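Peer 1: Could you look at this predicted model? Sequence included:
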Amino acid sequence: MSSADVLPSKRERLKRIVFACLPIYLDFLLVWTVVHLCSYFMGLGTEGYGITAVSALVALAQSKLELSPGVQLLEPAQVESAEGRRTWPNLLLGTLLILEGTKNLVRWTELEAVLPVYGLVDTSPLKILLLLAIGSLSIAAGILLLRFTRLGLALAAAMIVVDLGSIIVGWPLFSDAIAKVTIARRELQGLPVRPGEIEFMQTVMPAWLLVALALFMVLLTFARVRRA
């Protein structure tokens, strides 16, 4: 095989791996959300690896039984890829939006519930509704991006504005919230808080949120809309 053939061969192998594994991961995220909420409402707790293990087994079973929603979500990307068009921005950003959406749908049940959402710290009904709405819109944006729609691009851009607004409004409250989360997590683990750990998280986490939004915005410019 000549050197000119090596790169296309590796690219095709990578595509096969992505389209084999990504549907299972998308299934896992959706199943994990349902299992997590069921476990919470049944009083079984949401910490530990049990929820992750059950969700992974269900996602694998869906794949084996050809009942995978993830496969259907990626059908447009497979068509685009087969025609030699760029798909990685939509695949990456769509998956990240679905991931973030599922996390928001359950965040009010976790230790991170104290993190501010538009200035709301306590887990009030309004905050829960906001998290559910933001999570649902994020998942919808991810699905539409995976389907290469113009609405997906618009909704993804709107989610950047929504997240940025929440960060700006809640900026003065992040330090106390991060300290509470860090202490609660260490208590759950039965471990003491490490020296400087809280201060480090208070410095890094808000800045990382802004950096992540900036990176997302840049990557969104590479996302495509499917040709009619």
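Peer 2: Yep, that arrived. Residues are numbered from 1 along each chain as shown.
Peer 1: Listing request: residues of the chain with sub-threshold pLDDT.
Peer 2: Within the chain, the stretches with pLDDT under 70 are 1-8, 228.
Peer 1: Of all residues in it, which one is nearest the centre?
Peer 2: What sits nearest the mean C-alpha location of the chain, by Cα atoms, centre = their mean, is L99, with 1.8 Å.
Peer 1: need the contact list for it.
Peer 2: L29, G142 (Cβ atoms under 8 Å, 6 or more residues apart in numbering). Just so you know, the C-beta spots here come from the backbone N, C-alpha and C atoms, and that holds for glycine as well.
Peer 1: What residues sit buried inside the strand or helix carrying it?
Peer 2: In this structure, L99 sits in helix 88-106 according to DSSP states H and E. Using 16 or more other Cβ atoms under 10 Å as the test for burial, helix 88-106 gives 88, 90-106.
Peer 1: Report the secondary structure element holding the spatially closest residue to V162 that is not a sequence neighbour.
Peer 2: The shortest distance from V162 to any non-neighbouring residue, by Cβ to Cβ, 6 or more residues apart in numbering, is to I134 (6.2 Å). Element membership of I134, judged by DSSP H and E, is helix 125-146.
Peer 1: burial of the residue nearest to V162, as a residue count?
Peer 2: 21 (other Cβ atoms under 10 Å).
Peer 1: ok, now how distant is it from R13?
Peer 2: Going from I134 to R13 by Cβ to Cβ, to the nearest Å gives 37 Å.
Peer 1: And for I128?
Peer 2: 44 Å.
Peer 1: Same check on V204?
Peer 2: 36 Å.
Peer 1: Kindly report the same for I24.
Peer 2: From I24 to R13 the distance is 18 Å (Cβ to Cβ).
Peer 1: okay, the two: which has more neighbours?
Peer 2: Between I24 and R13, counted using other Cβ under 10 Å, I24 has the larger neighbour count: 17 against 10.
Peer 1: Just list the residues touching that one, thanks.
Peer 2: A59, L60, S63, S68, G70.
Peer 1: Can you report phi and psi for the fourth one?
Peer 2: Torsion angles at S68 (phi, psi; degrees, to the nearest 10) stand at phi -90, psi 120.
Peer 1: do the same with the third one
Peer 2: Backbone geometry at S63, expressed as degrees, to the nearest 10, gives phi -70, psi -40.
Peer 1: What sits closest to it if chain neighbours are left out?
Peer 2: Nearest one to S63, counting by Cβ to Cβ, 6+ apart, is I24 at 5.1 Å.
Peer 1: Specify the angle between the helix or strand where the one you found lies and helix 125-146 in degrees.
Peer 2: Assigned by DSSP H and E, I24 falls within helix 3-41. Using axes from the mean of the first three to the mean of the last three Cα atoms, to 10 degrees, the inter-axis angle of helix 3-41 relative to helix 125-146 is 160 degrees.
Peer 1: For helix 3-41, which residues meet the burial criterion?
Peer 2: Taking 16+ other Cβ under 10 Å as the criterion, helix 3-41 shows 15, 18-19, 22-24, 26-33, 35-36, 39-40 as buried.
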